[in-house]
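[1] Output the structure for:
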Amino acid sequence: MQVPNKYFRASMVYMMTNMEVMNEVIAFNRDINGILTYSGSYPTYGRGAGPWKVSLATPNSGVDPLTSQGSLSLSSDGRFLFAVNAGSNSISSFILSDSGKLILVDVQPSGGAQPNSLGVFGNLLYVSNVGNAANKFTSNISGFRIEDNGRLTPIPGSIHSLSTINAQPAQVLFTPDGSKIVVPELTTNHLSVFHVNKNGSVTGPIINESNGMMPFGSCFLSSGILLVTEFGPSALSSYAMSDNGTLRIISGSVPTAQKTTCWVVTTKNELFAYTTNTFSGTISIFRIDSNGALTVIGHITSTPAGRPTGLPIDVGVSKDGRNFYTLNGNQGTVSVFNIKDDGSLVLLQVAAWTNVPYFGSQGLVVL
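    Prediction:
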């Protein structure tokens, strides 16, 4: 078995079908201009949720069934790709070959029911579990150690409940230094912060109130400033985090004036942020100032006029910083944009892996 070196060079984009019978990861090659070409599919040997929501917190429209950001995730060194299997309560681990092909190396129980998000730092992986009707939607996070061969070893004592026993997690996210984990809770309006211990287990949570209702997707700037979308007001907030895990608002619930703002990613230079507004079919562009304050500067549709409207969900920016990508959850397509110096986006392509619209896909990783 070939294990690629630390400096993985293939330019790829991966998405997940989330199929009920057999979940798969779909791979696209990415050329020098960011254009995608379908290159293959790889079974996870687990089941997805299909088009069905993992809970009743949001409408069951067939779009965004996992109600989360980060259902597909990459290891810090770029050697491994991880996927959740919400229908079989498991996590799949793949080696990334030098050509971008995936080699399945492990499938492990997620430590709960209906896993929907993955956070990775170094050799630590945490998964958030929504719970299900059988366990009264008991939710948690659960930790694993990533071994050198990509296999996952559960960390003793790492399973931890959220701010309430059935709070629905929308993401599990490490701080830039790996010292803490943040979990936006869609149903409690909490941002729960856990301290990561030396043995990989966590303590907490420190419970912070979200500035806006239904916090959803999040990302950190390298400075430690946290950006969080809010499904309720369709807005984006920014926070500063103290050493003890408490959050201080910088920009509170800056509205996109669009519908269902849920996912967020920043440009590589961290001057701009992009949110997807699913039921408006748009992407909002925010300017980020040096203190983390946010200003909306524009919007663009995910798919061009005259074509079926794509409803954007998961997002990513290429490692070279030149391209922005979003998964259209009602089509199973990926929209490709060029990022301009002023943060504006120019649509280049809508890439497809199937000839028919596909509902239920989730997750996006961009290299």
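
[2] Surely residue 106 and residue 151 touch.
    Yes. Under the criterion of CB atoms under 8 Å, residue 106 makes contact with residue 151 at 4.4 Å. C-beta coordinates here come from the backbone N, C-alpha and C atoms, glycine included.

[3] where do the contact lists of these two overlap?
    Shared contacts of residue 106 and residue 151, defined by CB atoms under 8 Å, 6 or more residues apart in numbering, are found at residue 93.

[4] who has more neighbours, these two?
    Shown here are residue 106 and residue 151; by other CB atoms under 10 Å, residue 106 has more neighbours (21 against 15).

[5] which stretches of the stretch 251-367 of the chain aren't confidently modelled?
    Low-confidence segments of the stretch 251-367 of the chain (pLDDT under 70): none present.

[6] Run through the helices of it in chain order.
    Using DSSP state H, counting those that start in this stretch, no helices are found in the stretch 251-367 of the chain.

[7] Report the contact partners of residue 66.
    18, 49, 54, 84, 86, 116, 117, 362, 363.

[8] Can you tell me which member of the residues you listed has the lowest pLDDT score?
    Least confident entry in those, by pLDDT: residue 54, with 91.

[9] could you check the distance from residue 335 over to residue 29?
    17 Å (CB to CB, to the nearest Å).

[10] Between the two, tell me which one has more neighbours.
    Per other CB under 10 Å, whichever of residue 335 and residue 29 has more neighbours is residue 335, with 27 against 16.

[11] how many other residues sit next to residue 131?
    Using other CB under 10 Å, residue 131 has 23 other residues around it.

[12] if we can go back for a sec, kindly indicate the member of the contacts of residue 66 with the most neighbours.
    Neighbour max across the contacts of residue 66 (other CB under 10 Å) = residue 84, 35 neighbours.

[13] how close does that residue get to residue 57?
    As for residue 84, its distance to residue 57 is 17 Å (criterion: CB to CB).

[14] and what of residue 353?
    29 Å.

[15] okay, these two: which has more neighbours?
    Counted by other CB under 10 Å, residue 353 and residue 57 do not tie: residue 353 has more neighbours, with 20 against 15.

[16] The residue lying closest to residue 328 once chain neighbours are set aside: how many residues sit nearby?
    Leaving aside its sequence neighbours, residue 328 sits nearest to residue 310 (CB to CB, 6 or more residues apart in numbering; 3.2 Å). By the criterion of other CB under 10 Å, residue 310 has 25 neighbours.

[17] what's residue 292 in contact with, if anything?
    Contacts of residue 292 (CB under 8 Å, 6+ apart): 221, 223, 225, 238, 239, 240, 250, 251.

[18] Residue 245 too?
    180, 193, 194, 195, 204, 205, 206, 208.

[19] Next, format those residues as CSV and append secondary structure, neighbour count and pLDDT.
    Formatted as CSV, the contacts of residue 245 follow (DSSP: H, G, I helix; E, B strand; the rest coil; neighbours: other CB atoms under 10 Å; pLDDT from 0 to 100):
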residue, secondary structure, neighbour count, pLDDT
180, strand, 23, 98
193, strand, 23, 98
194, strand, 23, 98
195, strand, 16, 98
204, strand, 17, 95
205, strand, 24, 97
206, strand, 20, 98
208, strand, 23, 98
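
[20] Can you lay out these as JSON lines showing distance to residue 279?
    JSON lines is the format used below for these (distance: CB to CB, whole Å):
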{"residue": "180", "distance to residue 279": "32"}
{"residue": "193", "distance to residue 279": "30"}
{"residue": "194", "distance to residue 279": "32"}
{"residue": "195", "distance to residue 279": "36"}
{"residue": "204", "distance to residue 279": "34"}
{"residue": "205", "distance to residue 279": "31"}
{"residue": "206", "distance to residue 279": "33"}
{"residue": "208", "distance to residue 279": "27"}
